[in-house]
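# A structural model of the following input is requested.
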Amino acid sequence: MSPFQSKPFAGIFPIAPTPFTESGEIDDAGQRRVLDCMIDQGVDGICILANYSEQFLLTDDERNMLLDVCLSHVGGRVPVIVTCSHFSTRIAADRARAAAAAGAAMLMLMPPYHGATLRADEKGTLEHFARVADAAPIPIMFQDAPLSGANLSASFLARLAQEVPAVCYFKIEVPGAAAKLRSLVAAGGDAIVGPFDGEESITLMADLDAGATGTMPSALIPDLIKPVFEHHRAGRRKEAAAAYARILPLINFENRQCGLRATKTVMAAGGVIASDAVRHPLEALHPATKAGLLELARELKPLALHWA
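Below is the predicted model of the structure:
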């Protein structure tokens, strides 16, 4: 048995947003409050420095600072996944090494890509993950998302898991995620320790039915997603479906209208963070969109809206 299979991670591992001040600086105190709020939401773990953390708008120094702040502040209360994606294998490996040294429980990486057309083939992708695995003795989650433009089959992902045992978690958030999860689990067998979904849990019920053991939403409503997961895991599918139907309009609004700005908007309205600012070239939500989001959120009363 692989050492990564002994105590598998499962459940809800939301992505922590990176709060900024109105002038665009990282809000250190706000980041700590975000992490405390997420832990109070009952999460099973936290992912940092991901796309929904605006990692593509952070300098290397800011990444290093956030790595230290987040790992030290969480202090082992829940496991932390650190995103280390980069087209450069060397940089990705350096990031992985630093994350492991800081106390990360897992790494998450997208397949190597840059821009709209530059991406590694299957051989390069396998070698990329093998070298990252050599740099850090902790499990790796492969992020299969449309953003990379890589169209990698379930059979290739299963081969990756079998040839690089550290790559044993998979976050599947492509169209037809449930079908791909089923194929991945069937093809990979015991090498697939943690089949997860993502994309704000917008396909969660179908993905749980397909064998997902975890989900990586935003930090908007993990406390309201948790009952869906717990009911489903206990075999109460009818109750899971009812709990999911209740929150799906808000998840849909987040996914289709707001993106990463939804969590910041609700956390700012709830006093978790002082500002919902994003960095340019991202733009603030239109006031009407923000009003629609908060209207849906207030009906559900998530913790982020009244945590403070």
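
# wasn't Tyr169 part of a strand?
Yes - using DSSP: H, G, I helix; E, B strand; the rest coil, the assignment for Tyr169 is a strand.

# can you pull the contacts of it?
Contacts of Tyr169 were listed using C-beta atoms under 8 Å, 6 or more residues apart in numbering, and they are 9, 106, 108, 139-142, 193-196, 214. Backbone N, C-alpha and C define where each C-beta goes, glycine included.

# so it versus Leu250, what's the distance?
Computed as C-beta to C-beta, to the nearest Å, the Tyr169 to Leu250 distance reads 27 Å.

# do the same with Ile140
As judged by C-beta to C-beta, Ile140 and Leu250 stand 31 Å apart.

# same check on Glu295?
With distances defined as C-beta to C-beta, the gap from Glu295 to Leu250 amounts to 10 Å.

# Asp141 against Ala105, yeah?
Just to correct that, residue 141 is Met rather than Asp. No - because the distance of 10.5 Å does not satisfy C-beta atoms under 8 Å, Met141 is recorded as not touching Ala105.

# tell me the one of the contacts of Tyr169 nearest Asn255?
Phe196 (16.6 Å; C-beta to C-beta).

# helices or strands next to the stretch of helix or strand that closest one belongs to in the packing?
When secondary structure is defined using DSSP states H and E, the element that contains Phe196 is strand 194-197. Applying 3 or more C-beta pairs under 8 Å, 6 or more residues apart in numbering; DSSP states H and E, we find strand 194-197 packed against strand 167-172, helix 177-188, strand 214-215.

# now what about that strand, what contacts it?
Among residues not part of strand 194-197, those counted as contacts by C-beta under 8 Å, 6+ apart are 8-10, 13, 139, 141, 168-173, 177, 181, 184-185, 203-204, 207, 211-216.

# in ChimeraX, select just the buried ones from the residues you listed.
Remark: buried members of these, expressed as a ChimeraX selection using 16 or more other C-beta atoms under 10 Å:
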select :9,10,13,139,141,168,169,170,171,172,173,177,181,184,185,203,204,207,212,213,214,215,216
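
# list the contacts of Ala92.
The neighbours of Ala92, taking C-beta under 8 Å, 6+ apart as the test, are 84-86, 109, 112, 128, 132.

# and the next element down the chain from the helix or strand containing Met267?
Of the helices and strands defined by DSSP H and E, Met267 is found in helix 261-269. Secondary structure here is assigned by DSSP H and E; on that basis, the next helix or strand after helix 261-269 toward the C-terminus is helix 287-300.
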